[in-house]
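Engineer: What shape does this take:
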Amino acid sequence: MKIPQQWLQRIFGIILVVTLSVGLVLILYRTRTALPAKTGAIAQVSTPIVALSTSAPEEPSTPTVEPLPSAIPTPEVALVPTFQPPYIENLPNQPLQSFWIYYWQGNEVWRVDNQGKDNQLLLDTYQQFGQWLTEESIDGSDCCNIGPRIVVSPSGKRLALVVADKDKVTKVEDLTFSIYTYDTELHTTNFVSQGNRPTWSSDDQSIAFLNQGSLWIANLAVGDTHELITKDEDTTISIAEFVWSPDNKQIAYMYDKDVFQRLPAIWIIGIDGEKAPVQILKSDFEVYGLKWAAGGQEILYISTEGSKDRYEFNRVRNLWAVTIGQGVTRQLTQDMAVSGYGILPNQAWLYFSAYRLYEFTADENVTYDLWLLDIQSGELRRVTIKQGSLFVSSISPDGIHLIVSDDNADLQSISLFNGEKSTIALNVKTNYTFGGAK
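Structural biologist: The predicted structure is shown next:
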C-alpha cells in the first residue's frame, strides 16, 4: 500500500518534535547539576558522582619488587676447641728473648726493648740530613698511602727511613719522599733514592720501593738502582703492594687504580727485568695481603672469594693460595673472617687473627681469636677462644712467641710452646715497628 505524501510529512514532524523535546530536557538537567549550590556566600563546587563500593576498603597497591634470594640457612656449628700446647711441635721451651721496638716521634727515631728498658734516641733526621721523618708537618702523622716511616731489615741490623723534603713541607707543595738506610750498629746513614714504601729482601742486600707509582730495585751491595716496572703516565693505574720471593730473584705485585681501588690480579716479574711480567691470578673478588710461601711455588693472599653473603659489603675475607706455574687456587680457610696473618719461621705454618662464622649469637660481640694453620695439610689449630679480640702484629725474633695487640692497642706476647703470656712495655700506641734481637 502506498503511504500518502502528507502522512509521511506528519510522521517526520512528530519524530523531530519528540527528539528536540528530549534533547532540551537533557540540556536543562545537565545545566542544573553543573550550577553551584547556593549554601551561603561560598559556592560549593560539585564533584563527579562515583559509584560507592559495598566491599571493605583495600590497602593501596604497592609496586612489584623482585624478591630477595632466600636467606642462607645458618648452620649449627660447635666451637672449635683450643689446641693443647705446644701449639707447634719441636719448639724449644725457652722464655721470650729480648728484642728491640723502634718508634718515631716527630723527626726522632727511638728504640726500646720489649720490657720497656734501655730507651735510646738513635737519630734526629732533620738535624742529621735536613729531612722530615713525618709525612707532613704534623707530629706523628703516618699515612697508609705513603707507607711506614721506618722499616726494619730481616736481620734487625738496618733501618729504611722514609723522609720528606722540609722546604716543600713548609711551602705546602707536593712532597718529595726519599729513602735512607741507617745502620743500627755503626750508626751511619746512606741515601738510597727518592721514593717510599721500602721493602727489604730477605738477605738485607736489596730494597724494592715505589717512586712516582713505578717499582724500583736498589741493590745496596753494589750501589745500583734501576726501574723495574714503569707507571703509565696516561692512566691512574700504579703499583700497589709487592713482595719478594724467598730466593730474592722475583717480585710479586698488584696494581691500584685511582690510588685506593685495588685491581684483583697478581703479577710476577724477575728483578733483572729481562722477561715480561706474568699474570698468575685474575679474580672477580677482592684480593690483597700478598706473601710468598716457602719454596717459591705458591703465593698466599686474602680474598672475599668463597664468602656466602649475598651482599658484597658483608662478605668476609678468607686465606687463599695460588700456584706460580699453573695459576691454580685453593682456599685455605673456610667461613672465617681473617684480619691479618703471617708465616712462621719454619715456613710450614701460618698464624692469623680471625673470627669463625656462626660461633656467635645475635647477642654476642664478635671477637677475633688467634689461629694456626698448616699451609699444606690445612690443619687448623685454635690458640685463643673468646678472650677479647687479639690481632697479630709479628713474630718474635726467636720464632717462638706471637706478638699481638688487643682492643686497647696494648701489646703482649704468647708462647707457642706453652701458651704463656707476657706484657710488652711500650708507652706509644702508634708509629712503631718491631726489630731484631737485642
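Engineer: what sits against W349?
Structural biologist: For W349, the contacting residues are 88, 343, 372-375, by C-beta atoms under 8 Å, 6 or more residues apart in numbering. Quick note: C-beta positions are derived from backbone N, CA and C, even for glycine.
Engineer: can you put these in JSON lines and add neighbour count, secondary structure and distance to Y301?
Structural biologist: Listed next are these as JSON lines, based on neighbours: other C-beta atoms under 10 Å; DSSP: H, G, I helix; E, B strand; the rest coil; distance: C-beta to C-beta, whole Å:
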{"residue": "I88", "neighbour count": "19", "secondary structure": "coil", "distance to Y301": "23"}
{"residue": "I343", "neighbour count": "18", "secondary structure": "strand", "distance to Y301": "12"}
{"residue": "L372", "neighbour count": "19", "secondary structure": "strand", "distance to Y301": "18"}
{"residue": "L373", "neighbour count": "21", "secondary structure": "strand", "distance to Y301": "14"}
{"residue": "D374", "neighbour count": "14", "secondary structure": "strand", "distance to Y301": "18"}
{"residue": "I375", "neighbour count": "19", "secondary structure": "coil", "distance to Y301": "13"}
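Engineer: Looking at these, which one is closest to Y180?
Structural biologist: Closest approach to Y180 among these (C-beta to C-beta): I343, at 28.3 Å.
Engineer: can you pull up the bridge partners for the closest one?
Structural biologist: Taking DSSP bridges as the rule, I343 bridges to L350.
Engineer: Help me confirm that it comes into contact with L290.
Structural biologist: No - with contact defined as C-beta atoms under 8 Å, I343 does not count as touching L290 (11.7 Å).
Engineer: what's the overlap in contacts for these two?
Structural biologist: The contact lists of I343 and L290 share L300, where a contact means C-beta under 8 Å, 6+ apart.
Engineer: and A425, how many neighbours?
Structural biologist: Using other C-beta atoms under 10 Å, A425 has 14 other residues around it.
Engineer: just V338 next, same as before
Structural biologist: By the criterion of other C-beta under 10 Å, V338 has 22 neighbours.
Engineer: show me the contacts for it.
Structural biologist: 302, 316-319, 352-354.
Engineer: cool, and S396?
Structural biologist: 96-97, 99, 402-403, 413.
Engineer: Closest to A240 out of those residues?
Structural biologist: Using C-beta to C-beta, I403 is the member of those that lies nearest A240, at 25.7 Å.
Engineer: and that closest one, that's in a strand?
Structural biologist: Yes - per DSSP: H, G, I helix; E, B strand; the rest coil, I403 lies within a strand segment.
Engineer: State the pLDDT value of it.
Structural biologist: Note on I403: pLDDT of 97.
Engineer: repeat for R310
Structural biologist: pLDDT recorded at R310 is 71.
Engineer: On the three-state scheme, it is what?
Structural biologist: Assigned by three-state DSSP, the conformation of R310 is coil.
Engineer: Which of the helices or strands spans L290?
Structural biologist: strand 287-292 (DSSP states H and E).
Engineer: could you say what helices and strands the helix or strand following that strand packs with?
Structural biologist: Going down the chain from strand 287-292, the next helix or strand is strand 298-303, by DSSP H and E. On a contact count with 3 or more C-beta pairs under 8 Å, 6 or more residues apart in numbering; DSSP states H and E, strand 298-303 meets strand 278-282, strand 287-292, strand 318-323, strand 336-343.
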